[in-house]
Structure formats: C-alpha cells, structure tokens
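Engineer: structure of the sequence below:
(chains A, B, C, D, E and F)
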There are 4 protein chains.
Amino acid sequence: MRGVNKVILIGNLGRDPDVQFLEGNIAVAKFSLATTETFKDRAGKLISQTEWHTVVLWRGLAELAQKYLHKGSLVYIEGRLRTRSWEDKEGNKKFATEVVGDNLVMLDKRMDVNNGDHPVPHHSTGQSSSSSSAPHHGEGYAGMDIPPMSEPADDLPF
Amino acid sequence: MRGVNKVILIGNLGRDPDVQFLEGNIAVAKFSLATTETFKDRAGKLISQTEWHTVVLWRGLAELAQKYLHKGSLVYIEGRLRTRSWEDKEGNKKFATEVVGDNLVMLDKRMDVNNGDHPVPHHSTGQSSSSSSAPHHGEGYAGMDIPPMSEPADDLPF
Amino acid sequence: MRGVNKVILIGNLGRDPDVQFLEGNIAVAKFSLATTETFKDRAGKLISQTEWHTVVLWRGLAELAQKYLHKGSLVYIEGRLRTRSWEDKEGNKKFATEVVGDNLVMLDKRMDVNNGDHPVPHHSTGQSSSSSSAPHHGEGYAGMDIPPMSEPADDLPF
Amino acid sequence: MRGVNKVILIGNLGRDPDVQFLEGNIAVAKFSLATTETFKDRAGKLISQTEWHTVVLWRGLAELAQKYLHKGSLVYIEGRLRTRSWEDKEGNKKFATEVVGDNLVMLDKRMDVNNGDHPVPHHSTGQSSSSSSAPHHGEGYAGMDIPPMSEPADDLPF
DNA sequence: TTTT
DNA sequence: TTTT
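Structural biologist: Residues are numbered from 1 along each chain as shown, chains lettered A, B, ... in the order given. Here you go, the predicted structure:
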C-alpha cells in the first residue's frame, strides 16, 4: 500500500557538510545534525536531550548545502527515513539509519558562502510580487488561482 | 524568506468529492474532511472533537479523488494552508481557508471504483519485491542507491 | 536550543508487538513497521519502496499496542528519532535508530483484541457530544472556547 | 474515530502578539504569521508566495509569546486547525480558521524580552550535559532509558 | 501585517 | 456533512 515515511528536523550541523560528486556529476551531501529538545521530568527538572541524525541530501539540495551550510548552521529538514545495511570487513552486520532530505530551509539570520567572505542574506526570494496579495473575487472555482504545475522549489538558494 | 506551511490530516470525507474541469482540462476536486480527535479534560473525562476542513486537490490528485474517494472514505492528506478572500454581492468581505493537498493516501481497506462494481484493494503494491530488501554493501557512498530524480508518485492508485 | 525531532509514519506491523513490563510495571512495546511508498522513476516506471522501522512505545501506548495491534495492523505513528549505541560481546560498536512513538492512531477498520475473539471497533469515541457542533458566537476571545488544560489523549483505546 | 489534525508552520510575526487574560487568569495570545514559500513555475520562473495565518496560543505558550515574541520574530509553530463561526451584527455568517499552537520554537538568533533591554540568547539549553551522550550498553530493553513520564516542555523559554 |  |  501507499504509506507515509516522513521526518521533520530543526537543528544545527555538527560539522561542515561532506559533499561528493558521483557518476553523472550527481552531488550528495552528508552531515550530522543535532536536535535538542527540552523536557521537564516528573520532578519538574528541565532535561535537555540532544539527538544526532545523519542527513543525506542529493543533487540540487546537496549543492545548496555545499554553498550555504557549515558547522553550526541552523536548518529545517524535511525528509524520510532510510536504513542501509552492509557487512564490514570482519563480516559484522552493520546498520545505519539516515534521513534523506527532500526539503531544506536555512534558518540562520544570514548564510555565509563557503569562504565566508560574502554573506548572503537567505531572504533573497522576497522581491517578487507575491501572489498572496492578489485579490481573489468570487467563490467556488471562479476566483481560484490555478497553482503552477511544478512543485515548490526546494533546491534553490534564491 | 523560505518558510514552511504544512498540514497533515487523517479523516473521513463528509460527502463525495466535487470535481470540476477548468480551462486546459485541469481537474480540481473539493471536499469536506472531518478529523476527530479525542482529548481527556482535567477531570479525566473523554472529549471528542471534530473539525471540518475544506480540502482542494488539483490535476492528478483530483482525478484520483474522482475515481476512488467518496463519502466516508478515510484518507491521509498532506498539503498547505491557503486563505482566499472575496466580497459577496452585498459587499461583505469573506474569507475561506482551505487545505491544498500535495499528497493523498487512501486508508480504507478497499477502495471502490466509481460504479462500485470493482473493489480495488489499496494494498496492491505490497507484494512487489521491495527495493529495501536489496543488499547494500559498504559504507559511505559506495553502496548507496542513487535515488531516482523524480518525486514520490502521489497521484497513482496502484 | 530548542529544536524539532519529529517522525510521522503510516504503515503495517511486520509482527505482533513485543511487550514487556519493566521495573515499576512500566510497559514497553516494540515492533517493526513497514512503510511502503510508490515512486515513479525518470522512465515513468513505478517503483515501490518499503522501509522497515523499529517503533518503541511506552506506558499507555504500549498497553494499547498489546491490546489492539498485531501483525499486519495499519497504524499512524507520530514520534521522534532516538539512536542508541552499545558494544556487543565481541566489542563491536553497534547502533540502532528507533522511532519512539508519542501518538498512535489505529487505521484498521476494526481492531481485534489479543485473542481475536472480541472485535473492537476503533471508532468508539465518536458518539460523545462533539464540542465541534457547539455554536460559537462573537469574534475575538468572546466566543472562544478555552481548551482543556490536558493534552490529546494519546493513550486511550476508546 | 481518532484522526489527525496537524499544522506545522515556520514564519514571521506580522505584528506583536495580542495577549489577553481570561477568567481564571488564563493567558491567550493571538498573532498573524506569514509563511513564504518559493515555487518555480513551468517556465522556471521563481514565484514567491506568502500566506498569512492566525495563530492562537494558550496558557504557558501565550505567556512565552508575550515575553519573547514581537513583530518580525521567526518561529516554528506546531498545532492544529480550528474553524470558528459566528454571526456579525448584520446577521452575516462569518468563519475564521485559526492554528491553535501546541508547540513553539523560537528561531531567532536572540530573543529580546519585552522591553528590549535584555537580549536573551535562545540557545540557553545547549550546554547542559545531554543524556544522548550517555553510553547505552546492551541490546533489547537492558540499556534502554526509560523516558520521563512528562511530555516535552513546550512552554519554557530556557 | 512579516522576512530578505 | 464523516467515522465508530
């Protein structure tokens, strides 16, 4: 059947992303992401709990990560769980669960490009005339905007 | 900036979907969806709370809705909020908030096609040889499957 | 900082849940959950991809799982990722990533109790007088229901 | 039946929150939140789309909003949809759909307290010794941490 | 009405 | 207006 496998994370990168280019010039980025949640235990004591996740991004998102993300970056990641298994050279079965990202939102006030010299504001899409301010007249489908066929541009830094 | 606007619903259709075809043969489906949540109030009393949502689907998802959904169907909808405003003939400002669906999962045991003659089990993909059982050798990117470039097929009933 | 670590799954149990009771009579349930997603690759070919997740439930949710879930049950799970690590007897470092469930919705048409003799409809909360039908008068906070202080009852089978 | 009604937003406040105290000293906060998403249309043109949402917070979260949120604040909100209806003085039926927040994460680099004099870094939980770094020995339930019974502290600024 |  |  059709199921659902969805992960939503907000956290900070533990290191700069590791980016590689595979056959066909396909980019893959990999990094550790720390999500810290705060709980109150029964005694009312605050407990902070950090979980580390391995995030994998492909193609455009990987290139975005290479350009704009670095150690400490705060990001929103939406993706899905994927567990790989293999045997190491001693024949031990190994498992690794990763979050394959389908969407990335950079949450830092300003994103620095790789060399750190040219701060790039992450809000660069704003200048387009937002369709949200367009008036909608009438009920039913009359005044309904037909949304573009494409999906949200998850892989564009601007 | 890039933001996030995401809705996740599981509920039942209050009526059969209303499906229309706009210019260019673009399908739009619209229906009410009831989500019922159960709370315990302070006194430990169970409270059932039903919320009604207007769901709008476009193109392939709308055609899916037309073919497989009807009054009472249980569905998972993932989408985004969209508020439209207009003035009615008396000049009153009106607002309507809708959930525009980007993903649809049918959760009924069996989906009936429109005429009800040919029950279609919704579990029809389950027996296929899952790629998840394929062995993955090695760590890093060596044994990593390159995912297909396309997105999950959200608009297919099988 | 405060982060987000959220997982949403819809899938089928691969086996009956394994339920244990720890010190203090705290229940823990563990089971494998298969989520199957359908992709279309570049060539338009449908690809079905099954992922297996380890789900862990605690206390009331674990008891719910014991009573109502079994091999094949279709469930919605909302939770968070948690990776544990340990060394096996040979001193090999091992990792296991699990989904710790905070919310569970049973999606089967009818849930059977453990011995299978007494089918229990999972829709048993509906008949209560729903607050959603209560009229709301006025704008602002005047007609606003003050929600009960408690959270949604995630651990109740009825 | 048990359903799901979940909203996840990341966006900026359009104005300072409006906070009121109802009978019993229960706090309610209300504000507009703008979520901006970027799409690529068929022609590859970037389209920025801003949606405005009405967010309502209760009790501890409302007090948090009063203390730390203001016009422009970037926040993550997790909640549920709620549509209220009423008749205005002219007898027109009115509807308003709101997002009732169950969780709030402040994403600004630094949150200012109300008077703006004492910037409060929002990363204040990070330095605590994370339980995630505690070693876990053994498989099964042996080395498994029993999570505290309480829920994540959604209403705490530190 | 926000943000860049 | 749904579902149990």
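
Engineer: any bit of the strand or helix carrying A:L81 sitting next to DNA strand E?
Structural biologist: When elements are defined using DSSP states H and E, A:L81 is found to belong to strand A:74-87. No - using Cβ under 7 Å from any atom of the strand, no contact is recorded between strand A:74-87 and DNA strand E, whose separation bottoms out at 14.0 Å. Where you see a C-beta, it was placed from the backbone N, CA and C, and this is true even at glycine.

Engineer: tell me which residues of that strand come out buried.
Structural biologist: Judged by neighbour count (16 or more other Cβ atoms under 10 Å in any protein chain shown), strand A:74-87 contains these buried residues: A:74-84, A:86.

Engineer: what's the next secondary structure element after it?
Structural biologist: Moving toward the C-terminus from strand A:74-87, the first helix or strand encountered (DSSP H and E) is strand A:93-106.

Engineer: adjacent strands (with direction) for that following strand?
Structural biologist: strand A:46-58 (parallel), strand A:74-87 (antiparallel) (DSSP bridges).

Engineer: got those strands as CSV, with mean pLDDT columns?
Structural biologist: Output for those, formatted as CSV (pLDDT from 0 to 100):
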stretch, mean pLDDT
strand A:46-58, 95
strand A:74-87, 96
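
Engineer: what does chain A put close to chain C?
Structural biologist: For chain A, the contact set with chain C under Cβ under 8 Å from any Cβ of the partner chain comprises A:1-12, A:34-38, A:51-53, A:74, A:76, A:80-83, A:90, A:92, A:95-97, A:99.

Engineer: one more time with 7 Å, if that's ok
Structural biologist: Contact residues (Cβ under 7 Å from any Cβ of the partner chain) of chain A with chain C: A:1-11, A:35-38, A:51-53, A:81-83, A:92, A:95-97.

Engineer: are any of these buried, and which?
Structural biologist: With neighbours counted by 16+ other Cβ under 10 Å, the residues of chain A next to chain C contain buried members at A:1-11, A:35-38, A:51, A:53, A:81-83, A:97.

Engineer: those in strands, which ones?
Structural biologist: In strands, defined here by DSSP state E, the members of those are A:4-11, A:35-38, A:51, A:53, A:81-83, A:97.

Engineer: near DNA strand F too, which of these?
Structural biologist: Contacts with DNA strand F within those, counted by Cβ under 7 Å from any atom of the strand: none were found.

Engineer: lowest-confidence helix or strand of chain A?
Structural biologist: Ranked by mean pLDDT, DSSP states H and E, the weakest helix or strand in chain A is strand A:119-121, scoring a mean of 39.

Engineer: low-confidence regions, chain A specifically.
Structural biologist: Counting by pLDDT under 70, the low-confidence segments of chain A come to A:1, A:109-140, A:142-143, A:150-158.

Engineer: repeat the analysis, applying 80 as the threshold.
Structural biologist: Under the criterion pLDDT under 80, the flagged ranges of chain A are A:1-2, A:39-42, A:109-145, A:148-158.

Engineer: one step back: closest to C:L57 among the buried residues of strand A:74-87?
Structural biologist: When these are compared for distance to C:L57, the smallest value, 17.1 Å, is given by A:L81; criterion: Cβ to Cβ.
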